[in-house]
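A.B. asks: Everything below, folded, please.
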Amino acid sequence: MLAFADCQSLDVVGPMQVFASANAEAGQSLYALQIVGLEAGPVRTNAGIQLLADTALSDLHQHLPDTLLVAGGFGVHAQAGNEALLSELRQLSTQVRRVGSVCTGAFLLAAAGVSTGKRVVTHWRHCDQLRQRYPSLQVEEDAIYVRDGRLCSSAGVTAGIDLALALLEEDHGAALANAVARELVVFMKRPGGQSQFSEHLQLQPESQQGVLGRAVACIQQHSADGLTVEQLAERVEVTPRHLHRLFHAQLGVSPARYIERIRVERARRLLSASDTGLQPLALQCGFTSAEHLRRTFVRHMGISPSEYRQRFPQFVAAS
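C.D. replies: All right, here's what the predicted structure looks like:
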């Protein structure tokens with residue numbers, strides 16, 4: 001596991017604990033674990049905890065590991081400009097059996113060219129940034145982890161544990177992976193994707209001026225009123241076709257998809273903020289029925305409205 005200054009401590013120790021627990025459960029050394037750094041010695045994480053790198057990344061060429069994982073964290077962007085580090089990652093990625101990233105470690109592998117053209121994921125907060133900075137990547141923003149050939153990547157922070165469990169299952173079977181998951185008191189396969197944890201689905205154009213700005217304002221004001229794309233185009237005085245071109249060019253989605261996202265975001269806030277039944281809540285958000293809400297919510301969030309309310313409660317009913 002590659003650690004560096006200001007990396008996320010959980011990105012490092014979470015996956016490593018999965019493999020260490022596998023050794024303990026199996027009663028034998030299935031995995032030999034090493035923290036590697038830019039050089040051997042202490043590495044201060046963004047939690048202020050110092051980890052001890054057993055060896056320098058450049059020394060791995062002498063004793064190649066089976067798997068090389070890269071942590072993420074606040075310091076990842078500084079390291080993305082470290083050409084010596086990127087060169088080592090490029091070389092090692094062709095020599096090990098598999099290489100992967102935890103959380104924003106995906107930026108390091110992308111900067112090194114290791115993941116060019118591949119399917120990847122990172123923390124939900126940084127998926128758009130990763131996609132924009134490295135347009136050749138296929139960023140699957142709702143995935144907990146992604147496997148594309150020898151390359152693997154995980155979503156934010158604790159998703160590194162999910163990835164490690166998947167690698168353990170691949171190496172030594174489901175029984176051992178399940179035993180480790182039970183020991184660590186985590187899901188073997190977490191229900192839903194990482195979108196359920198993101199804080200906002202609403203997309204904003206770079207500028208609120210002009211036709212697009214007026215269209216976005218209109219959607220935010222009238223999305224619960226059964227607003228259609230044709231009605232929206234009429235209100236901002238352009239053709240539906242021109243509106244489609246504007247939304248795709250600046251937001252990367254169709255007007256209909258944007259309206260749908262705003263409705264889902266409104267539903268998500270209400271689910272956590274009230275105990276309103278699904279049918280009235282659906283109508284309040286612009287859906288035609290509770291079933292329409294459920295289908296759309298699952299498509300965007302990976303879980304049902306009822307499951308979301310149970311997992312992210314903020315409303316406390318009066319006793």
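
A.B. asks: Just read off the phi/psi values of C103.
C.D. replies: Main-chain torsions, C103, degrees, to the nearest 10: phi 60, psi -130.

A.B. asks: List the contacts of it.
C.D. replies: C103 makes contact with 8, 11, 71-73, 122-123, 154-157, 159-160 under the criterion Cβ atoms under 8 Å, 6 or more residues apart in numbering. Bear in mind the C-beta positions are built from the backbone N, C-alpha and C, glycine included.

A.B. asks: Apply 6 Å and report the result again.
C.D. replies: If you count contacts by Cβ atoms under 6 Å, 6 or more residues apart in numbering, C103 has them with 11, 72, 123, 156-157.

A.B. asks: give me the element R182 is part of.
C.D. replies: Under the assignment given by DSSP states H and E, the secondary-structure element containing R182 is helix 174-184.

A.B. asks: I'd like the average pLDDT over that helix.
C.D. replies: The pLDDT scores in helix 174-184 average 92.

A.B. asks: what's whatever helix or strand comes next after it packed up against?
C.D. replies: The first helix or strand that comes after helix 174-184 along the chain, using DSSP H and E, is helix 210-222. Helices and strands touching helix 210-222, as assessed by 3 or more Cβ pairs under 6 Å, 6 or more residues apart in numbering; DSSP states H and E, comprise helix 229-236.

A.B. asks: coming back round to it: got the contact list for the helix holding R182?
C.D. replies: By Cβ under 6 Å, 6+ apart, the list of residues contacting helix 174-184 from outside reads 18, 21-22, 25, 165, 168-169, 188.

A.B. asks: now that we have those residues, which one has the most neighbours?
C.D. replies: Compared across the contacts of helix 174-184, L165 has the highest neighbour count, 28 neighbours, by other Cβ atoms under 10 Å.

A.B. asks: quick one: it is in a strand?
C.D. replies: No: L165 is assigned helix when assessed by DSSP: H, G, I helix; E, B strand; the rest coil, not a strand.

A.B. asks: can you pull the contacts of it?
C.D. replies: 18, 177, 181.

A.B. asks: returning to that earlier point: between the contacts of helix 174-184, which is closest to Q279?
C.D. replies: Distance from Q279 was checked for each of the contacts of helix 174-184 by Cβ to Cβ. The minimum falls on M188, at 34.6 Å.

A.B. asks: Which parts of this protein are strands?
C.D. replies: Per DSSP state E, the chain has strands spanning 36-37, 41-44, 50-53, 55-56, 67-70, 98-101, 119-120, 138-139, 145-148, 151-154. These are given in chain order.
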